[in-house]
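>>> Fold the following and give me the result.
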Amino acid sequence: MEPAVVTTLISTGGAVIVGLGGMWISTNQIGNRIGDLSRRFDSLERRLERLEDELRTFREMVNGKLAALYLELAKLMDRGSA
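Now for the predicted structure:
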């Protein structure tokens, strides 16, 4: 074999090895980023559930206060018409 062919084969083989190594590293990094994103979505989902619970509690409290206010107004109106 001519030295130029040997040099080309060695260079090409080295480039393939470097390329595969780079692809492997990139794949691992992408996997890590996907894992991070998944954990963030889980955290966001838990925070959203807590916020929904707090909003539901607040709504029930406001509805209770409005019901009490409505009863007081009804009593006042009954006294005024009697």
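>>> which residue ranges form the helices in the chain?
Using DSSP state H, the helices of the chain run over residues 3-81.
>>> Give me the residue at the spatial middle of it.
In the chain, the C-alpha nearest the mean C-alpha coordinate belongs to residue 41, at 2.2 Å (Cα atoms, centre = their mean).
>>> and it, what pLDDT?
pLDDT, residue 41: 96.
>>> from now on call the first residue 431
Noted, 431 is the first residue going forward, which turns the last one into residue 471.
>>> Could you check how far it is from residue 480?
When distance is defined by Cβ to Cβ, to the nearest Å, residue 471 is 15 Å away from residue 480. Backbone N, C-alpha and C define where each C-beta goes, glycine included.
>>> pLDDT below threshold where in the protein?
By pLDDT under 70, the low-scoring segments of the chain are 512.
>>> Recalculate using a threshold of 50.
In the predicted model of the chain, no residue satisfies pLDDT under 50.
>>> and residue 487, how many neighbours?
10 (other Cβ atoms under 10 Å).
>>> Okay, it and residue 481: tell me how far apart.
Residue 487 sits 11 Å away from residue 481, going by Cβ to Cβ.
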